[in-house]
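# Generate a structure from the sequence data that follows.
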Amino acid sequence: VVPVGATMGAPYVPLSQSNYGRPFRLVYSGNLGRYHDFESLLDCAKKLSPEGFEFTIVGNGAKRSYILNRISDEAIDNVKVHEFLPESDYAALLASSDACFVTMEAGIEGTCVPSKFYSIMGAGRATLAAASSGSEVAYSIEEHDCGLVVNPGDPYLLEQALRELKSNPARTAEMGENGRLAYMDFYGSAETARSVFGILMSLAPKSKASLQDVFTKPDRQIERSELEERGRLLPTE
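Okay, here's the model as predicted:
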């Protein structure tokens, strides 16, 4: 299986282990869709002071109006929402965070993997994921020790995880670095390309054998030179 992976186009910016005197910043960037748990994030943000925590949400989607309405109606002052940024600014957005948020509602873990997760790893930031334990994101976070996972739909656990990340900046930075190293080893564009190439090469002998059958079976007499001229078949030798 080839992982989704991601391409990072900007230099890595190490996370400062000192957040004294400034809020802890959690960044979400991506689709604000129906299958993402922003309800718990906003419930959590309401309980946390703007002096201690700030939340940056960048993106668009079906839940954008819901998010903006709740922020306005409930005066959730520590959450800011922005439109999508140019791709050239994406790496800088991740670098401005202390940790990044990934969310998947329960029940969709077998159908998708958010590619933003791999960009977060490449940026060297810890991932806070509201995702089921059986999801690929949860599995990768545990495997690489690159963040924290809480059950979707539980603002209390989300709050506790945020407090843990803020109270131990050295550990948060360590998880971010673990993610960056895993990205370099497995999830960068070069690494995923090598995986695809390896799979194709492993299949090549089988392909050659099956193509050879085309020219040896009496009922499939095909001119090899004709196929090669049309570019439909490469020489097997």
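
# May I have the phi/psi pair for the residue lying closest to Val79 once chain neighbours are set aside?
With Cβ to Cβ, 6 or more residues apart in numbering as the measure, Phe55 is the residue that lies nearest to Val79, at 4.4 Å, once sequence neighbours are left out. Heads up, the C-betas are built off the backbone N, CA and C, glycines and all. For Phe55, the backbone dihedrals (degrees, to the nearest 10) come out as phi -120, psi 130.

# Identify the bridge partners of Phe55.
Counting by DSSP bridges, Phe55 is bridged to Leu26, Val79.

# Touching, it and Asp43? I think so.
No - under the criterion of Cβ atoms under 8 Å, Phe55 lies out of contact with Asp43, with a separation of 11.8 Å.

# Neighbour count: those two, which is higher?
For Phe55 versus Asp43, neighbours defined as other Cβ atoms under 10 Å are more numerous around Phe55 (24 against 19).

# ok, now which ones touch the more buried one?
For Phe55, the residues meeting the contact criterion (Cβ atoms under 8 Å, 6 or more residues apart in numbering) are 25-28, 41, 45, 78-80, 101.

# would you list those residues in TSV and tack on pLDDT?
Below are these laid out as TSV (pLDDT from 0 to 100):
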residue	pLDDT
Arg25	97
Leu26	98
Val27	97
Tyr28	97
Leu41	97
Ala45	98
Asn78	97
Val79	98
Lys80	97
Phe101	98
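
# ChimeraX command for the buried members of these?
In ChimeraX, the members of the contacts of Phe55 classed as buried (16 or more other Cβ atoms under 10 Å) are selected with the following command:
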select :25,26,27,28,41,45,78,79,101
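
# Please tell me how far the residue nearest to Val79 sits from Tyr183.
Going from Phe55 to Tyr183 by Cβ to Cβ, to the nearest Å gives 24 Å.

# what does Tyr90 give?
Here the criterion is Cβ to Cβ. By it, Tyr90 lies 15 Å from Tyr183.

# between those two, who's got more neighbours?
Relative neighbour count places Tyr183 above the other of Tyr90 and Tyr183, with 25 against 19, counting by other Cβ under 10 Å.

# mind checking the SS state of Val149?
Three-state call for Val149 (DSSP: H, G, I helix; E, B strand; the rest coil): strand.
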